[in-house]
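J.: generate coordinates for the sequence data below:
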Amino acid sequence: MEPPIKEKEIVDDFIEFNEIKSTQYVTEDKVQEMIDDAIRKHNRNASIISFWVGWVVLALFADGLLRLVGAIPPLLPWLKITL
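T.: Down below sits the predicted model:
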């Protein structure tokens, strides 16, 4: 998937580029497949990250709620929250 390589020829103080044809071009279907794979990978990674962030937020919320109702003693003695 390298871009076509151009040969440089100097002719009378002008530089001409003659394109070297590639033996294998990337088709639209292949490009669409590559885009779909990238989107699929991004969505999978984003879902995994969201899963773990959600669990952390839920755990912190539950911890704070249980400390607020008194089911769990405060982490630090001077950090006692009450209603």
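
J.: how far away is the most centrally placed residue in the chain from residue 35?
T.: Centroid-nearest residue in the chain, with Cα atoms, centre = their mean: residue 42, separated by 5.2 Å. Distance of residue 42 to residue 35, computed by Cβ to Cβ, to the nearest Å: 11 Å. For the C-beta atoms, the positions are set from N, CA and C on the backbone; glycine is no exception.

J.: ok, residue 44 - contacts?
T.: The contact partners of residue 44, by Cβ atoms under 8 Å, 6 or more residues apart in numbering, come to none.

J.: just use 3 as the starting number from now, easier for me
T.: Got it, the first residue is 3 from now on, which makes the last one we talked about residue 46.

J.: separation between it and residue 40?
T.: Distance from residue 46 to residue 40, by Cβ to Cβ: 11 Å.

J.: likewise residue 53?
T.: As judged by Cβ to Cβ, residue 53 and residue 40 stand 21 Å apart.

J.: cool, and residue 29?
T.: Residue 29 is 17 Å from residue 40, by Cβ to Cβ.

J.: likewise residue 60?
T.: Residue 60 is 30 Å from residue 40, by Cβ to Cβ.

J.: residue 56 now?
T.: Going from residue 56 to residue 40 by Cβ to Cβ gives 24 Å.

J.: next: residue 67.
T.: As defined by Cβ to Cβ, residue 67 lies at a distance of 40 Å from residue 40.

J.: confirm residue 55 sits in a strand?
T.: No - under DSSP: H, G, I helix; E, B strand; the rest coil, residue 55 falls outside any strand and is assigned helix.
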